[in-house]
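[1] Fold the stuff below for me.
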Amino acid sequence: MRHIFIINPHAGKKDQTGRIYEMADLLRAQHGLECQCLLTQRPGGAEEMARRLAESGEALRLYACGGDGTVSEVANGIAGFPNAAMTCIPTGTGNDFLRNFGPDTARFADVENLWNGEERQLDLIDCNGRQCLTIACSGIDARVAESVHELGDSPLLSGRGSYLAAVAVNFLFRGIGQHWRVTLDGEVIEDDFALVSMCNGRYYGGGSTPVPEARMDDGILHTVLVKNISRLKFARLFGPYSNGRYRALPPELIRVVTARNVRIQSETDIVTCLDGESIHSRDVHLTLSDRKLNFFGPQGCDPNYGAGPR
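    As a prediction, the model looks like this:
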């Protein structure tokens with residue numbers, strides 16, 4: 001089995017390439033493993049590397065070294081390949097995917113906890129052919145995510161701080177709602193929406209948890225629909241929404257469903273964010289992917305740690 005480190009040297013506020021090379025050297029020296037380090041220098045590069053490796057048919061363990069964007073690219077590259085599995089070593093500013101593992105998140109920083117870790121299959125969301133690990137959001141929260149990238153390089157802001165600053169920018173200077181036609185399996189709703197988010201995992205936006213009962217391996221996706229609201233209501237309801245208390249919010253404004261197929265159509269541009277990556281379309285299709293992701297992590301780790309009752 002080959003162990004391949006796919007490194008994004010631009011992830012985070014400090015290049016950690018040297019530290020990753022040292023980890024690979026340690027695995028060679030102490031465990032006799034065949035290790036290789038590859039650097040990605042452009043968007044999409046990690047995905048291309050991962051797919052090319054998976055297509056070889058070799059038994060592979062891939063280590064995505066970066067933030068959520070790097071993890072997403074490697075996942076898209078190997079999804080559906082039985083010979084390839086992945087994990088991640090967090091070096092980016094955003095690591096919402098790993099938050100799903102609760103206190104075991106810190107253990108992913110040390111490769112000694114990973115190389116022989118147990119493997120499991122995780123669900124994925126298919127969004128217009130792209131694979132999403134955690135949450136696919138369309139609307140105001142996706143536009144916020146785009147703004148986060150503009151603010152993320154600031155040394156004064158943490159991942160959560162960048163997210164809150166982006167919320168403020170969009171809240172103060174841009175409109176919240178858009179007119180959409182939303183299809184939930186066979187049900188069609190045409191209305192003004194603030195956001196529609198499909199959840200496989202529980203965290204996005206630096207720690208927001210819209211659906212705390214979402215599990216990453218149960219074959220169920222939860223979709224949150226929030227109607228258009230005024231800025232005043234948005235300010236009042238954002239906290240409960242972010243903290244997963246959607247049941248306490250007015251049912252005429254927010255709804256959570258487990259539809260298997262969701263479609264969002266609009267006459268104007270829809271911004272959709274997939275694990276931090278933004279796409280633009282006027283027709284968004286969301287469904288449970290027919291592909292699975294082989295993922296390995298520290299012994300005993302749980303991607304559904306702390307998930308609330310169904």
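[2] Verify the assumption that Val71 is located in a helix.
    Yes. Counting by DSSP: H, G, I helix; E, B strand; the rest coil, Val71 is found in a helix.
[3] and the gap between it and Cys273?
    14 Å (C-beta to C-beta, to the nearest Å). (Each C-beta comes from the backbone N, C-alpha and C, glycine too.)
[4] before we move on, what about Gly18?
    For Gly18 relative to Cys273 (C-beta to C-beta), the value is 31 Å.
[5] remind me which residues of the stretch 151-300 of the chain are low pLDDT?
    Filtered on pLDDT under 70, the stretch 151-300 of the chain yields the residue ranges 151-174.
[6] To clarify, my last question referred to the stretch 1-150 of the chain.
    For the stretch 1-150 of the chain, counting by pLDDT under 70, the residues that fall below are 147-150.
[7] circling back to that earlier point, more neighbours: Gly18 and Cys273, which one.
    Cys273 (25 against 9; other C-beta atoms under 10 Å).
[8] Would you confirm that that one contacts Thr134?
    No. With contact defined as C-beta atoms under 8 Å, Cys273 does not reach Thr134; the gap is 10.2 Å.
[9] Tell me the residues that contact both of the two, please.
    Contact criterion C-beta atoms under 8 Å, 6 or more residues apart in numbering; residues shared by Cys273 and Thr134: Tyr204.
[10] And for the helix or strand hosting Thr87, what's in contact with it?
    Here Thr87 sits within strand 84-90, counting by DSSP states H and E. Outside strand 84-90, the residues within contact range by C-beta under 8 Å, 6+ apart are 5, 20, 23, 50, 53-54, 60-67, 70-71, 74-75, 78, 97-98, 105, 108-109, 111, 114, 117, 119, 293-297.
[11] Next step: the residues you listed restricted to helices.
    Applying DSSP state H to these, the entries found in helices are Ile20, Met23, Ala50, Leu53, Ala54, Thr70, Val71, Val74, Ala75, Ile78, Phe97, Leu98.
[12] Name the nearest residue to the second one, ignoring sequence neighbours.
    Think Met23. Val111 (4.2 Å; C-beta to C-beta, 6 or more residues apart in numbering).
[13] what about the one you found, neighbour count?
    21.
[14] Now do the same contact list for it.
    By C-beta under 8 Å, 6+ apart, Val111 lies in contact with Met23, Ala24, Leu26, Leu27, Tyr63, Ile89.
[15] Now those residues in TSV, please, with extra columns for neighbour count and distance to Glu190.
    Below are these laid out as TSV (neighbours: other C-beta atoms under 10 Å; distance: C-beta to C-beta, whole Å):
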residue	neighbour count	distance to Glu190
Met23	23	52
Ala24	19	53
Leu26	16	57
Leu27	19	55
Tyr63	25	45
Ile89	24	45
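[16] what sits up against stretch 246-253?
    Counting contacts by C-beta under 8 Å, 6+ apart, the residues outside stretch 246-253 that touch it are Pro210, Val211, Val224, Val226, Lys227, Ile229, Lys233, Leu237, Pro240, Tyr241, Ile254, Val256.
[17] Determine how far the last residue of it lies from the first.
    Terminal residues of stretch 246-253 lie 10 Å apart, using C-alpha to C-alpha, to the nearest Å.
[18] Stretch 113-121 too?
    For stretch 113-121, the end-to-end distance is 19 Å (C-alpha to C-alpha).
[19] re the thing from before, drop anything exposed from the contacts of strand 84-90.
    With neighbours counted by 16 or more other C-beta atoms under 10 Å, those contain buried members at 5, 20, 23, 50, 53-54, 60-67, 70-71, 74-75, 78, 97-98, 105, 108-109, 111, 114, 117, 293-297.
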